[in-house]
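Chemist: Test case, fold it:
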Amino acid sequence: MTTQSRISDAEMRVLEKLWSLGTETAIAELTVALREDGEIWTHQTVATFLKRLNAKGVVSYTKKGKSLYYFPKLSKEAFYAKAADHFVKQTFQGSLTGFLSAFSSTKPLSNEEIQALKDWLDEIAPSQ
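Modeler: Sure thing, here's the model as predicted:
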């Protein structure tokens, strides 16, 4: 995934569906799966979004016969970790503390959230 590529909401829905299916998927199958969520998707629309996601380096495909089978290049967790890292670097000059300060200034943290953050910090901090 290129860090400069913005993924649209519709592209994100296609990517989320690919993750949920968990296997290489043909455009026709993906279109049917997306329609099951109650939205109207055409084969051409899904194909266009997949081509865009491929150009952005987020998905790839294999060719089987005449059909292309698409799959995500990153796991969902790896994708979101990379996106979060890019956001913090771009917006907060790489400062996680700056991000957390900005986030918590708009909404006070509950005691449970504070404890969860303390537990997370203890988990990731090197042993003393």
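
Chemist: so what's residue 3 scoring on pLDDT?
Modeler: Residue 3 carries a pLDDT value of 44.

Chemist: Next: residue 59.
Modeler: Per-residue pLDDT puts residue 59 at 97.

Chemist: can you tell me the helix or strand for the closest residue to it other than its chain neighbours?
Modeler: Taking Cβ to Cβ, 6 or more residues apart in numbering as the measure, residue 59 lies nearest to residue 53, with 4.4 Å between them; neighbours along the chain are not counted. (Each C-beta comes from the backbone N, C-alpha and C, glycine too.) Residue 53 is part of helix 43-55, with elements assigned from DSSP states H and E.

Chemist: packing partners for that helix?
Modeler: Under the contact criterion of 3 or more Cβ pairs under 8 Å, 6 or more residues apart in numbering; DSSP states H and E, the helices and strands touching helix 43-55 comprise helix 9-21, helix 27-35, strand 59-64, strand 67-72.

Chemist: A strand includes residue 121, no?
Modeler: No. Inclusion of residue 121 in a strand is not indicated when DSSP: H, G, I helix; E, B strand; the rest coil is applied; the result is helix.

Chemist: I'd like to know how many residues surround it.
Modeler: For residue 121, the neighbour count with other Cβ atoms under 10 Å is 9.
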